[in-house]
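> sequence and predicted structure below; questions after.
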Amino acid sequence: MSVTWQSPTPPPDIGRAPGHWRRVIWRGGRIALVIGAGVLATLLLRLAERLLHGVARPWTQPITIWVCRRTLAILGIVHVVEGTPMPGPGAVVANHVSWLDIFALNARKRVYFVSKSEVAGWPGIGFLARLVGTVFISRDPRAARAHTALLRDRLAAGQRLLFFPEGTSTDGKRVRPFKSTLFEALCEPGAGLEGARVQPVTLVYEAPEGADPRLYGWWGDMEFAGHLLAVLGAVRQGRVRVVCHAPIPLDGAGGRKALAAACEAAVRAGMPPDRRGT
């Protein structure tokens, strides 16, 4: 059975207003230049950085943040951070709405995404994901011990790991139940993660006035290229609010199910009242 969320109503028909392709070329061209510059700078620095710092990325972290900030600015999407992003190592969990989440979550504080292993093989996207230090894990339960060791090494290197416990993206008008699978790796006794914390983060996308409120949502069978063109060509843009909640210590969290439930409750509370359902 697919874990991909399907909406009870069809995706919005955004259409193409006059000047659509001009906006696509103008915005898309500049974003391509920004990402290209970021890739080049990261490739030039990463070899020496790896030799001196291992999995830590003190030199290339600022490049990723700059790329994400510039991308949102070129799109015209206002980026608002509420609360304080957690300093130091630990995990960050958030609701999943769109491919735009990558930029929204990285534009203020660098996080390293935990992604399914299949993404590593996707053309283009897989290369970029590997370049910025994405952690790839399989769905094989036999690999749980290896996943725990990998997460522990990344946390020990001072990284903040980000994963989406819903396991799927939505239209942004709801929060799906959090799966506790990855929380198990964080809560496993003897994993060496004592003192680490998990910060719940709520992503709230607000479409421009008059537009379908699901404008930025990317889910189900929606094609990436079509949604990308729709966002690039939008006449007006809205904003994304990144709501950072109080971090939850792993010590004494009560196990993976209790930790997942606490994080889900915090993320759900950060949504507007009409978006707190499933």
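Good, I have the coordinates.

> give me the element the residue nearest to Asn106 when sequence neighbours are not counted is part of.
Sequence neighbours aside, Cys68 is the residue nearest to Asn106 in space, at 4.2 Å (criterion: Cβ to Cβ, 6 or more residues apart in numbering). All C-beta atoms are positioned from the backbone trio N, CA, C, and that covers glycine. Here Cys68, judged by DSSP states H and E, is contained in helix 61-75.

> am I right that Gly226 is in a helix?
Yes: Gly226: assigned to a helix according to DSSP: H, G, I helix; E, B strand; the rest coil.

> and the helices in this protein?
Ranges of helices within the chain are 20-53, 61-75, 101-106, 125-131, 144-156, 181-187, 224-232, 256-269, based on DSSP state H.

> partner strands of the lengthiest strand in the chain, parallel or antiparallel?
Counting residues, the longest strand in the chain under DSSP state E turns out to be strand 197-206. Strand 197-206 has these partner strands in its sheet, going by DSSP bridges: strand 90-94 (parallel), strand 239-244 (antiparallel), strand 248-249 (antiparallel).

> so where is the stretch 51-200 of the chain shaky, pLDDT-wise?
The stretch 51-200 of the chain contains residues with pLDDT under 70 at 139-141, 143-144, 188-194.

> state the distance from the closest residue to Leu182 other than its chain neighbours to Arg256.
Spatial nearest neighbour of Leu182, excluding adjacent residues (Cβ to Cβ, 6+ apart): Phe163 at 5.3 Å. Phe163 sits at a distance of 13 Å from Arg256 (criterion: Cβ to Cβ, to the nearest Å).

> what about those two, which has more around it?
More crowded of Phe163 and Arg256, by other Cβ atoms under 10 Å: Phe163, with 26 against 18.
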